[in-house]
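S.K.: Sharing a model that was predicted from the sequence below.
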Amino acid sequence: MNKEPQERKRIKELEVMVADSIEEAHDTTTLIFFTGNDHLDYKPGHFLTIDPHQFDALGRFTAFLEDLKGRKEPPRAYSMSSSPHEKYLAITIKEERYTSGATKYPPLLSPLLVKRTFRGMRLTVTGFTGPYTLPDDIESQTDHLVHVCAGSGSVPNYSMLKFALANYPKLRHTFIYANKTWDDIIFRDALANLEKQNSGRLSVVHSLTRESETFQYTPSVRKGRITVELIRELIPDTSSAQVYVCGPAVSVHDRNAAKEKGVLPQPKFLESALASLKELGMSKEQITYESYG
């Protein structure tokens, strides 16, 4: 069956009002929207888009970037951190940063949404779409759902996790989450609460790459990157698990910069995670992934 018409039907414009702005980390904010609708038709893992042209405060920057690039600035996509069974619609945005030599253009929209969005602010969003979602028959495919995330890659997985815990009682979850420091962890308290409320069904393990030397690590908070050894420890039986991987990947800019130097681009989180899963013998059918970067 061709699913394209269904996807097109789902996409629509919504006028929303910011009901709340919650700081998740120093560079990450969750925006909760009032939509006026009791039910919105989307799947956990979907994203919506926001067009920067609707913000007067960005007018001169948008025009400058369009002159520089020679094309119209496109809408930006943000994964939803709310789930369809919840009464509110929410997205979680991590502020993009400009790094000389590593970033081609300065970020346009995320600094505004993260730092300068206030309660009562009105905007237009377009939703909902994206292939990174749980299938309706997930319980017939596995009894163990593994989430492997880094940074804001946790956002769609957090939506999936909440929905699955509420609607798929046969599933147990392992949430493996990489960040630089303890304070960088998005949904840190919310994940801890979900783990307490779903004892035996959810295990959350953090991986920190740049924490201070005095930090006290535990079995649920590990030092360093997510490695094949850590994944093997947390997924002793890889034959039946389904894995959802989301995080930074090698970008087009990274590839072009590496090509100019005559070298291969250095793998980022996504490439490393997929290589680890392949080393563990997991098939393509067991792995779903989404990247950003």
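M.R.: Sure, I can see it. Everything numeric in this text was worked out from a predicted model, so none of it was measured.

S.K.: Please work out the average pLDDT along the helix or strand His147 falls within.
M.R.: His147 is part of strand 144-150 when elements are defined by DSSP states H and E. Mean pLDDT, computed over strand 144-150, is 98.

S.K.: Does anything pack onto that strand? Which helices or strands?
M.R.: helix 154-167, strand 172-179, strand 242-248, helix 269-279 (3 or more Cβ pairs under 8 Å, 6 or more residues apart in numbering; DSSP states H and E). Using the backbone N, CA and C atoms, a C-beta is placed for each residue, glycine as well.

S.K.: With distance to Leu89 added, can I get these in CSV?
M.R.: Shown next, in CSV, are the helices and strands packed on strand 144-150 (distance: least, Cβ to Cβ, whole Å):
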stretch, distance to Leu89
helix 154-167, 11
strand 172-179, 23
strand 242-248, 20
helix 269-279, 27
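
S.K.: mind giving me JSON lines with the ones you listed and columns for mean neighbour count?
M.R.: Converted to JSON lines, those look like this (neighbours: other Cβ atoms under 10 Å):
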{"stretch": "helix 154-167", "mean neighbour count": "24"}
{"stretch": "strand 172-179", "mean neighbour count": "22"}
{"stretch": "strand 242-248", "mean neighbour count": "24"}
{"stretch": "helix 269-279", "mean neighbour count": "19"}
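
S.K.: for these, which one sits closest to Pro135?
M.R.: Nearest of the helices and strands packed on strand 144-150 to Pro135, taken as Cβ to Cβ: strand 242-248 at 9.4 Å.

S.K.: Listing partners with orientation, what would you give for the closest one?
M.R.: strand 144-150 (parallel), strand 287-292 (parallel) (DSSP bridges).

S.K.: ok and it relative to strand 172-179, angle-wise?
M.R.: Relative orientation of strand 242-248 and strand 172-179, computed by axes from the mean of the first three to the mean of the last three Cα atoms, to 10 degrees: 20 degrees.

S.K.: Toward the C-terminus, what is the element adjacent to strand 242-248?
M.R.: helix 252-261.

S.K.: Low-confidence stretches in the chain?
M.R.: Applying pLDDT under 70 to the chain flags residues 1-10, 38, 293.

S.K.: Give the residue farthest from the middle of this structure.
M.R.: What lies farthest from the middle of the chain is Gly262; by Cα atoms, centre = their mean that is 31.6 Å.

S.K.: Now the lengthiest strand in the chain: buried residues?
M.R.: When the chain is parsed with DSSP state E, its longest strand is strand 12-25. Within strand 12-25, the residues that count as buried by 16 or more other Cβ atoms under 10 Å are 14, 16, 18-19, 21, 24-25.

S.K.: partner strands of that strand, parallel or antiparallel?
M.R.: With DSSP bridges as the test, strand 12-25 pairs up with strand 28-34 (antiparallel), strand 122-129 (antiparallel).

S.K.: Can you tell me what sits against the first one?
M.R.: Contacts to strand 28-34, defined as Cβ atoms under 8 Å, 6 or more residues apart in numbering, come from residues 16-24, 81-82, 88-95, 113-115, 117, 125, 152, 186.

S.K.: got the contact list for the strand holding His147?
M.R.: 138, 154, 157, 160-161, 164, 171-179, 226, 231, 234-235, 237, 240-248, 269, 273, 277.

S.K.: now do stretch 122-134
M.R.: Residues contacting stretch 122-134 (Cβ under 8 Å, 6+ apart): 7, 10-18, 33, 40-51, 54-55, 75, 77, 79-80, 156, 160, 163-164, 244, 246, 288-290.

S.K.: That one: which residues count as buried?
M.R.: 123, 125-130, 132-134.

S.K.: gap between the two ends of stretch 90-101?
M.R.: The first and last residues of stretch 90-101 sit 33 Å apart, counting by Cα to Cα, to the nearest Å.
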